[in-house]
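[1] Here is the input, now give the coordinates:
(one chain, ligands or ions: 1)
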Amino acid sequence: MAKVFEQYELWWVTGAQLLYGGDAVVKVDSHSKEMVEGLNAGGNIPVKIVYKGTANSSKEVEQVMLAANNDPKCAGIITWMHTFSPAKMWIKGLQQLQKPLLHFHTQYNAEIPWGEIDMDFMNLNQSAHGDIEFGHVCTRMRIARKVVCGYWKEAKVQKQIAVWARVAAGVADAHDVRCLMFGMNMNNVSVTDGDRVEFEQRMGYHVDYYPVSSLMEYYKKVSDADTDALIEEYKKLYTIKIDETGEKVYWEKVRNAARAEIALRRVLKDKGATAFTTNFDDLGDVDVDAPDFCGFDQIPGLACQRLMEEGIGFGAEGYWKTACLCRTLWVISQGLPKGCSFLEDYTLNFAGDRSSCLQSHMLEVCPMIAVDKPKLEVHFLGIGIRKQPTARLVFTSKTGPGIKATVVDLGNRFRLISQEVECIEPRPMPKLPVASALWIPQPTFEIGAAAWILAGGTHHSAFSYDIDEEYWEDFAEMTGIEYVRINRQTDIAGFKQTLRNNEVYYMLNKALK
Ligand code: MN
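    Take a look at the predicted model:
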């Protein structure tokens, strides 16, 4: 169980009532305990489920919901109606509930005991009846939730709960995310901007400007010993590749990149931040020849790459929404094999039905997605305020299916957009010394890219090989934001209609509640 999941738990509440007598409730209780233990032991669900007993009345339901709200460890509630649970008794509790809800429609026994079944058995094992009653009230009240149906011992059912559990942990974590913007978003860029107050209100992320001059105070104080130690770590982790700059410049630049990393780490730690953005025109003092110059001598790309790998969300050019989303994606994906990264749509490759888009950034791609050991290289970078040789990790990325996602601010709401992509192997690019990935947007470049553009998508995204639409759907449901998906089934006419329908839905949504 990954460490990040250990700080959370999911509460299991079983719905019942006293109509069938105390013995029935005792039975309900023991079945529930066994099921919770079984789910925890199954090894599929990475967040621990805690059994919170049966709820047999409106008061009991309300109490457990209020307790869930007040316990920061509780990332969500799983409900299951063992017997018939008249759902009006859930109204007041559901009105209070502020945590994600999963409604699990299952049953203790797999098969009907054909030879033994009697009225007592049928009254006791009544989730087919009780869960539907509960579902009606949730729908009547417009309660966002995930509904999982199936036998609780089956791995595919447990995996659906696992998706929700991972996302619930990500949403709980988002509530505590502080994102530091070193500098602002880049001049004149629309998509990186938006309403940070609304962002915190909806999704929990707290985004703060942090002055680069204060970051420079940290930079000044980084000791040689700490820098040397970090360079030794680089030598162990990466292939050292010295090219046109020669050894002297190479090590000077790697050294300053290491100092920048240490400074950034310290600020993030001191401020309790788990996401950040940079701005390539705001790197400290402008005049490098001034006698008391203090500034980064290069874009801190290497630091961004390495911090991302440790779960610090990153967004380039002041892109706070993607930085926060990358943090959440990292939390959700803990322990999954192939990795995730911040990426940017850079250059198109037209090749018939294999047309693709090269993903990269100036430097900042997470080494988690590298196909093999990254090379630590120093090359001239002519973008931004420092046109300098700059350290970076260079690699190509794994192949296979993946999904990119972004959040955009539409003025009256946030929209989460996801898109399935197929990552393919690029041809050698010996003159392009940056990390990259190459993908075909699904269902084809032409349809996929058009849908992304129509949805108002961004050129920066949070990418993963390991998760799929189900995760993002759960995320949007929990945070109450719009979700549109682009996948192998997307057609433009239908997609446009979805966007139009959603426009109306989100206008009316508040009125319905
Ligand atoms: Mn960019």
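
[2] Am I right that residue 462 falls within a helix?
    No - inclusion of residue 462 in a helix is not indicated when DSSP: H, G, I helix; E, B strand; the rest coil is applied; the result is strand.

[3] Let me know how buried it is, in neighbour terms.
    When counting by other Cβ atoms under 10 Å, one arrives at 29 neighbours for residue 462. Where C-beta positions appear, they are placed from N, C-alpha and C, glycine not excepted.

[4] Over to the one 10 residues further on?
    Neighbourhood size, residue 472 [other Cβ under 10 Å]: 24.

[5] For residue 147, see how far away the residue nearest to it when sequence neighbours are not counted is.
    Leaving aside its chain neighbours, residue 472 sits nearest to residue 418 (4.6 Å; criterion: Cβ to Cβ, 6 or more residues apart in numbering). Distance of residue 418 to residue 147, computed by Cβ to Cβ, to the nearest Å: 20 Å.

[6] So for these two, which residue has more residues nearby?
    residue 418 (28 against 15).

[7] Double-check that the more buried one belongs to a helix.
    No - applying three-state DSSP, one finds residue 418 to be strand, outside a helix.

[8] OK, contacts around it?
    Shown in contact with residue 418 (Cβ atoms under 8 Å, 6 or more residues apart in numbering): 403-405, 469, 472, 483-486.

[9] who touches the most centrally placed residue in the chain in this structure?
    With distances taken as Cα atoms, centre = their mean, residue 329 lies nearest the centre of the chain, 2.4 Å away. Going by Cβ under 8 Å, 6+ apart, residue 329 touches 170, 313, 340, 405, 462, 464, 467.

[10] Give me the below-cutoff pLDDT ranges for the stretch 401-513 of the chain.
    For the stretch 401-513 of the chain, applying pLDDT under 70 flags the ranges 510-513.

[11] Show me where it has its helices.
    445-454, 469-479, 492-512 (DSSP state H, counting those that start in this stretch).

[12] Tell me which other helices or strands the second one touches.
    Same thing as helix 469-479. helix 155-174, helix 320-332, strand 400-409, strand 414-424, strand 482-486 (3 or more Cβ pairs under 8 Å, 6 or more residues apart in numbering; DSSP states H and E).

[13] Which residues does the shortest one contact?
    This means strand 482-486. 410, 413-420, 441-442, 448, 451-452, 455, 469, 472-473, 475-477, 495, 498-499, 502, 506.

[14] List buried residues within those.
    Among the contacts of strand 482-486, those buried by neighbour count (16 or more other Cβ atoms under 10 Å) are 413-420, 441-442, 448, 451-452, 455, 469, 472-473, 475-477, 495, 498, 502.

[15] so which of those residues are also by the ion?
    Applying Cβ under 5 Å from the ion, the subset of the buried ones among the contacts of strand 482-486 adjacent to the ion is empty.

[16] since we're on residue 137, how many residues are nearby?
    17.

[17] next one: phi and psi at it?
    When read as degrees, to the nearest 10, the backbone of residue 137 gives phi -70, psi -40.

[18] Now it: closest residue in space, sequence neighbours ignored.
    Residue 137 sits nearest to residue 87 (Cβ to Cβ, 6+ apart), 3.8 Å away.

[19] ok, that neighbour to residue 478 distance?
    22 Å.

[20] Which residue of the protein lies farthest from its centroid?
    residue 115 (49.0 Å).

[21] returning to that earlier point: tell me if I'm right that the residue nearest to residue 137 and residue 129 touch.
    No - counting by Cβ atoms under 8 Å, residue 87 stays clear of residue 129, with 10.9 Å between them.
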